[in-house]
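*Asks:* dropping a prediction and its sequence here:
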Amino acid sequence: MSTNQPLPRIAVHSLTGCAGELLVILENLDKLLPFVHVTSFPFAQGKNEIRPVDITFVEGSVSQPHDLEKLTELRANTRWLVAVGNCAVWGCVQRAGCNHCSVQKMIDAVYGTNSPIEALPAAPLDHYVPVDVKLSGCPIDATQFLAVTANLLRDHLPYVTHKPVCLECKLKENGCVLIEKNLPCLGPVTAAGCGALCPSVGAACYGCWGPCEEPQMEAMATILSEKGYQLDEVLGRLQAFGAPKELFVRLEKS
Amino acid sequence: MDICYKFSKESFLDFFKLMQSFGQVHAPVRVSEQSFSFRPVEKPEQIAFEALRTILPPKKMFFPQRETLISYSGKEVKDHTPEPLAQVLFGVHPCDLAGLGIMDNIFSAGPPDSHYLARRQATLVVGLSCMPDKHCFCNSMGTDFPHSAYDIFLTDIGEDYYLQIATTLGEKLFDPKPDFIKTIDDQDNQSYKDFWTNRDKAFTSNFKSDNLKQIFDLEKDNPVWEELGKRCLSCGNCTPVCPTCYCFDVIDVASLDGNSGSREREWDSCQFTGFAKVSGDFNFRPGPVDRLKFWYRHKLHGFDDSYGLKTCVGCGRCTVSCPADIDDIVGVVLRLQASQNESKKDESA
Amino acid sequence: MKALNSGFVPIKGTLRSIVPMAQDNYLFQISVEDGSLSGCQPGQFIMLWIPGVGEAAISVCSGQVDGTLELCVRKVGRVTSALFQLEEGSFVGLRGPFGHGFPLDEYKGKDLCLIAGGLGVAPIRSLWQYVLAHRENYGKIILIYGMRHSIDLLFRQELRVLLRRHDIDVYIAAEEIVGPDLPPVPEQLGRVTDMIKLAPIDQNFQVAVCGPPVMYQYVIEELLAKNVRQSDIWLSLERHMKCGMGKCGHCFVGGKFACQEGPVFSLLELNLLPEVIECHRK
């Protein structure tokens, strides 16, 4: 990169989410700063302008009308739109909730009837706008985030795999909690990237990174039910982090 | 021909110190109630002599789960082939020795793999005898005796270890011969034979393996595959734990400066959907049934290619590591063989 | 002391020219520092590396490789997209050549039919360049080249020249005419299989085939109907590859590594292996 060229511009924004991704990005900002100009990052800086940028990282789901307005504006002003975190990629717990009952019912229950709160059924970014790169996580993994950013800064598509957590767990040579402890571990159907965080400390994976590539949901339900877990309990667990309903069609029929 | 000695189990510390004089000793240690792992050890008390199978097989010593192959800065590329580092791998059972032999074949064939060989060639492998549990079936695969891939092998003959030395690397350890190493007599040879005879009798699960190739060809559409495939999680656990699975992915890791980075390889699994995809989204093994059958075939039918090897060594790791209980190789083979017998009966009826 | 150098260290290459041939299909000419790729045979492939992105297995498409080689690439994935962003003079890494190409010795003194579908024309082009450069060694030569849309025709100028030659019979057809017409050939509309029906192929022919995976079983049926022997049908297989050295397992076909023992196999060999021709699209 020649020195007289302006630095690539990035923007970091949040819709409806817990700001976990923003924290990871903030923690790693010092590594990025020599190579980028941060045009806007309301979570981290006071002066923010919406103008055309090279890469925009968006966390959170689209759950309110102003989320959608913001997302549309961000999309129009960026070359690369990166969905960061489970909320932006899958819709996370908000979407899981909305899959269960109507939004109006939830508004009434939480804010009372006739409240001025407006809400949309929670959805991931790609329900509304094209997303160039999806980087799931809960929160995202810093190393993966930096590697993906390094690729995008050169306009290269990053290599993001969706192999299951079991791979990372085995590579760390952990004992299997699903087998040894009969815990309802969702490692086999969950996308890796966390380094098998929960199973590494003897806990079951609860699927917070969202589904892996072609998750075998029926087989997972079969194996868990054989261990004594009820189907509705299993389904609740599998769907807790916003995995799309299509993945469960055959399972719910059974 | 192996050179044979013995030493008293009470002198194991002396033997251990000899190994340490060669290099860092790695041996099975207990990592959970049911699991073991090859780890660096500093004293004999750390070694889990009772370990039958570690979670990951010894391949990880030479073909680590993830490693840097090359790194680059601008146009300059650096080779990351490791410097050979003398180390000892202790406690390798016959099945794992057979597995190592197969890995040695694969990584030294064709264009040899410098990364594997650099580590492998500098490692002293010390084998150790074992008694089978219900998941062991090395006797069915013909891998139940130490044949190759070891420098030294120890057989438990009661109060002593019967010591076999197979290579010059192994010989060096006993040059000059330390006092605790004793010559063997007829009685020791008899104890050695008795151990292996008794061990042979201790197997509870096995199958005849002479017709495996035919079985896998003829029963390729057996309903058993559909049944197992339905339960398959495609989690890929069966492959990292296999002593002879060597598939890997290669990943470029770019640095933020845009000018440097590295290429790394990480174990991959044929059980993942993306493994056999080609451009245009065509997939040669799209479903769990295809992939599971592929893996079974590869392990038991053997390579059809020049290696001419069955790659299953009967260690039972996949059987105990499969959350869906579908890697019960013994059970599956017996079922396929039973179908064969059924159809023969049908024909004669 | 290291016993060996890593087979993953690439040879340094420089992009010499980039020529657009059709939408998302460019011809890249690459020069190689030490000439170590010379001797590369038609049908062999190299691993092309874009630092920071990764490698892709790409068939060499020039008939003779000395200091330079040509690659005809379609922009489909991460590596090829990155390649399309490069400019003349850029650095790329190369490893190879890998695998067994088309059996040139077997072809000597025989009639040849070269069949290409879509981008499969890339390795087939290296073969026609080679056999035309050694024309006296072969009998009749037929070239069949089909594609979905006429706008995707590659090597348009080179094919025009071939059409004027009397020592090679060229059949070109598209399933649909979109954009400019094909060069002047009698039948413009049709599939590869239609052209095989038309062409005077008989049991004396050696056949080289490269195309998308789905094409193979139809092509094989037509060739067998023309009494071509299975041992004379040579197919170049496409597989995912990570190493090129018979290790990574991605290109495993039945029991063979396509990168080492292929990518060109005779149908006779392939009959012995499962999962070769069948594939599914998702």
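*Replies:* Happy to help now that I have it.

*Asks:* got the domain ranges for the chain?
*Replies:* No chain specified, so I'll use chain A. When chain A is parsed with automatic domain parsing, its domains come out as A:9-153, A:165-253.

*Asks:* let's do chain B instead
*Replies:* B:3-201, B:212-348.

*Asks:* secondary structure class for the residue nearest to B:Asp327 when sequence neighbours are not counted?
*Replies:* Among residues not flanking B:Asp327 along the chain, B:Cys318 sits closest, at 3.8 Å (C-beta to C-beta, 6 or more residues apart in numbering or on different chains). The C-beta positions use only the backbone N, C-alpha and C, and glycine is treated the same way. Secondary structure, DSSP: H, G, I helix; E, B strand; the rest coil: B:Cys318 is helix.

*Asks:* touching, B:Cys318 and B:Ala324? I think so.
*Replies:* No. Contact criterion C-beta atoms under 8 Å: B:Cys318 and B:Ala324 do not qualify, at 11.2 Å.

*Asks:* neighbour count winner among the two?
*Replies:* With neighbours defined as other C-beta atoms under 10 Å in any protein chain shown, B:Cys318 and B:Ala324 compare such that B:Ala324 has more, 25 against 22.

*Asks:* what residues are up against that one?
*Replies:* Shown in contact with B:Ala324 (C-beta atoms under 8 Å, 6 or more residues apart in numbering or on different chains): A:219, A:222-223, B:231-233.

*Asks:* near chain B, which residues of the stretch 1-150 of chain A are found?
*Replies:* A:1, A:31-32, A:34-35, A:146-147, A:149-150 (C-beta under 8 Å from any C-beta of the partner chain).

*Asks:* rewinding a little: what's the closest of the contacts of B:Ala324 to chain C?
*Replies:* B:Cys232 (17.0 Å; C-beta to the nearest C-beta).

*Asks:* which ones are touching that closest one?
*Replies:* B:Cys232 neighbours (C-beta under 8 Å, 6+ apart): A:216, A:219, B:271, B:288-289, B:291-292, B:324, B:326.

*Asks:* again, 6 Å this time
*Replies:* Neighbouring residues of B:Cys232 by C-beta atoms under 6 Å, 6 or more residues apart in numbering or on different chains: A:219, B:288, B:292, B:326.

*Asks:* can you check A:Gly187 too?
*Replies:* A:165-166, A:169, A:199, A:205.

*Asks:* can I get those residues in TSV including neighbour count and pLDDT?
*Replies:* Below are those laid out as TSV (neighbours: other C-beta atoms under 10 Å in any protein chain shown; pLDDT from 0 to 100):
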residue	neighbour count	pLDDT
A:Val165	27	97
A:Cys166	32	97
A:Cys169	30	96
A:Pro199	27	96
A:Cys205	27	96
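
*Asks:* now secondary structure and distance to A:Glu73 too, for those, in JSON lines please.
*Replies:* JSON lines is the format used below for those (DSSP: H, G, I helix; E, B strand; the rest coil; distance: C-beta to C-beta, whole Å):
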{"residue": "A:Val165", "secondary structure": "helix", "distance to A:Glu73": "35"}
{"residue": "A:Cys166", "secondary structure": "helix", "distance to A:Glu73": "40"}
{"residue": "A:Cys169", "secondary structure": "helix", "distance to A:Glu73": "41"}
{"residue": "A:Pro199", "secondary structure": "helix", "distance to A:Glu73": "40"}
{"residue": "A:Cys205", "secondary structure": "coil", "distance to A:Glu73": "36"}
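
*Asks:* as TSV, the residues you listed with distance to chain B would be great.
*Replies:* Formatted as TSV, the contacts of A:Gly187 follow (distance: C-beta to the nearest C-beta, whole Å):
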residue	distance to chain B
A:Val165	8
A:Cys166	4
A:Cys169	8
A:Pro199	11
A:Cys205	11
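
*Asks:* so what's C:Arg62 closest to, chain neighbours aside?
*Replies:* Actually, residue C:62 is Ser. It isn't Arg. The nearest residue in space to C:Ser62 (C-beta to C-beta, 6+ apart) is C:Glu70, at 3.9 Å.

*Asks:* once you drop chain neighbours, what's closest to the residue in the stretch 51-200 of chain C positioned nearest to chain B?
*Replies:* Chain B sits closest to C:Gly52 of the stretch 51-200 of chain C, with a gap of 3.4 Å, by C-beta to the nearest C-beta. Residue nearest to C:Gly52 in three dimensions, not counting chain neighbours: B:Ala254, with 3.4 Å by C-beta to C-beta, 6+ apart.

*Asks:* tell me the contacts of the one you found?
*Replies:* A:150-151, B:261, C:52.

*Asks:* and the two most separated of the residues you listed?
*Replies:* A:Asn151 and B:Gly261 (9.7 Å; C-beta to C-beta).

*Asks:* hmm, back to that, counting neighbours, which of the contacts of B:Cys232 end up buried?
*Replies:* A:219, B:288, B:292, B:326 (16 or more other C-beta atoms under 10 Å in any protein chain shown).

*Asks:* and the two most separated of these?
*Replies:* Most distant of those, by C-beta to C-beta, are A:Ala219 and B:Leu292, 11.0 Å apart.

*Asks:* now, the contacts of B:Cys232 that are in helices?
*Replies:* A:219, B:288, B:292 (DSSP state H).

*Asks:* report how many residues lie close to residue 12.
*Replies:* Went with chain A since none was named. 27.

*Asks:* could you do chain C instead?
*Replies:* C:Lys12, neighbours per other C-beta under 10 Å, totals 15.

*Asks:* in JSON lines: the ones in helices among the contacts of B:Cys232, plus distance to chain C.
*Replies:* Shown next, in JSON lines, are the ones in helices among the contacts of B:Cys232 (distance: C-beta to the nearest C-beta, whole Å):
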{"residue": "A:Ala219", "distance to chain C": "18"}
{"residue": "B:Pro288", "distance to chain C": "13"}
{"residue": "B:Leu292", "distance to chain C": "13"}
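
*Asks:* residue ranges for the strands of chain A, please.
*Replies:* For chain A, the strands defined by DSSP state E cover A:9-14, A:37-40, A:53-59, A:78-84, A:133-135.

*Asks:* domains in chain C, by residue range?
*Replies:* C:11-98, C:104-236.

*Asks:* turn these into TSV, columns for mean pLDDT.
*Replies:* Formatted as TSV, the entries for the domains of chain C read as follows, by pLDDT from 0 to 100:
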stretch	mean pLDDT
domain C:11-98	91
domain C:104-236	91
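
*Asks:* what's the distance between the closest residue to A:Arg250 other than its chain neighbours and chain C?
*Replies:* Nearest in space to A:Arg250, with sequence neighbours left out and distances taken as C-beta to C-beta, 6+ apart, is A:Glu218 at 5.8 Å. Distance, A:Glu218 to chain C, using C-beta to the nearest C-beta, to the nearest Å: 18 Å.

*Asks:* what does the longest helix along chain C rub up against?
*Replies:* Across chain C, the longest stretch assigned as helix under DSSP H is helix C:121-133. Helix C:121-133 has contacts (C-beta under 6 Å, 6+ apart) with C:42-43, C:59-63, C:72, C:102, C:114, C:116, C:138, C:143, C:145, C:154-155, C:208, C:210, C:236.

*Asks:* what's near enough to touch the closest residue to chain A within chain C?
*Replies:* Residue nearest to chain A within chain C: C:Arg78 (4.3 Å; C-beta to the nearest C-beta). Going by C-beta under 6 Å, 6+ apart, C:Arg78 touches A:157, C:53.
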